[in-house]
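Asks: Dropping a prediction and its sequence here:
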Amino acid sequence: MKVLSYDDVELGDDLPGEIPDVSMLKVTAFCTAAKHVFERFVDHEAARKEGFPAAIVPGIMSQSLLLAMIHRWAPGCTVRKIDTVFRGTLLVDSKVTMSGAVTDTDDSARTVEVDLVITAEDGRTGVIGTAVIEFQA
Amino acid sequence: MAESSGSVDIAEARAEWVGVEFDWAEFTIDKDAMIQWALACGETDERFIDPLHSDFQAHPSFTTHCMSGRLFPKNFPQIGGGFGIDGGKTVTAHLPIRAGATLSAITTIADIFDKTGRSGTMVFIVQRMEFKDETGALVSTVDWKMIKKA
């Protein structure tokens, strides 16, 4: 369910889970935009030579995937802060899952805090984080 | 909390280095890169993908790709082993970043601390980049946690 204002948010609400596109095409496009075109991100074989099971999704891309999910959940909101911890690798061309939940609300500031997780295809936790989201009055 | 990492005392390193500025750089915010970044991440909010939108702006974590010229200050002690791993990033979006803006970034050491868990003691070195626009307004702060084995 989308939330259109601060008043729509309840503590404990889940953000709709998403399966983001982390195909080689998307990751390469991201790396090009970020000027981070390193082999471990855009070449499966080269990543394997570095000891990874396959090419890996850049951490900064995973952060932006979460931001896009937040913007879809709460159109028009402003993400004031996002804190992510890169706990494990997420593989390019795999199926990863994003989720989130509201853990705090602030009526005076009209902000909410959400916990965020990206889970790898094999069930490992790839990224955890939090974000502070501001809604207009 | 461990008192030292190798021959380096964490408390002393923190006292000496936290707050020290060590890199200064400028970045021009490219419109096409802004859009490509947002689209690659599946962004659907027009503010980030439509350059004609009245509030067109960079994705909130766009500044995370702006790297300082150095990882550490000159003469920074060798804390922990190896180059370390990227432990994560915290982005604070103070103001929207507009296409074509020239941002000035100052890099500092924001924190040095250690944590001990099942796999031993790890040292965290937090590098902070603060980005200001042409008016001097702070638009973005990025904290990058580097984790090294003690």
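Replies: Arrived safely, thanks for sending.
Asks: what mean pLDDT does the top helix by length along chain B have?
Replies: Among the segments of chain B that qualify as a helix by DSSP state H, the longest is helix B:31-40. Averaging pLDDT along helix B:31-40 gives 98.
Asks: can you check stretch A:76-90 too?
Replies: Mean per-residue pLDDT for stretch A:76-90: 96.
Asks: Distance from the chain centre to that stretch, please.
Replies: In this view, stretch A:76-90 has its centroid 6 Å away from the chain centroid, taken as Cα atoms, centre = their mean, to the nearest Å.
Asks: Pull out the buried positions in that stretch.
Replies: A:77-87, A:89-90 (16 or more other Cβ atoms under 10 Å in any protein chain shown). All C-beta atoms are positioned from the backbone trio N, CA, C, and that covers glycine.
Asks: Can you mark which positions in the strand or helix carrying residue A:127 are buried?
Replies: Residue A:127 is part of strand A:125-134 when elements are defined by DSSP states H and E. Using 16+ other Cβ under 10 Å as the test for burial, strand A:125-134 gives A:126, A:127, A:128, A:129, A:130, A:131, A:132, A:133, A:134.
Asks: Mean confidence (pLDDT) on it, please.
Replies: Averaging pLDDT residue by residue across strand A:125-134 gives 98.
Asks: so what's residue B:122 up against?
Replies: Residue B:122 sits next to B:80, B:114, B:115, B:116, B:147, B:148, B:149, B:150 when contact means Cβ atoms under 8 Å, 6 or more residues apart in numbering or on different chains.
Asks: all strands for the chain, in order.
Replies: Defaulting to chain A. Secondary structure of chain A, counting by DSSP state E: strands at A:14-18, A:78-86, A:97-106, A:111-119, A:125-134.
Asks: Actually, chain B is the one I wanted.
Replies: For chain B, strands defined by DSSP E occupy the ranges B:4-5, B:8-9, B:21-28, B:81-93, B:102-117, B:120-132, B:138-149.
Asks: Tabulate those (CSV), appending mean pLDDT and distance to residue A:50.
Replies: Converted to CSV, those look like this (pLDDT from 0 to 100; distance: least, Cβ to Cβ, whole Å):
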stretch, mean pLDDT, distance to residue A:50
strand B:4-5, 52, 26
strand B:8-9, 82, 29
strand B:21-28, 96, 27
strand B:81-93, 88, 13
strand B:102-117, 95, 25
strand B:120-132, 94, 22
strand B:138-149, 95, 18
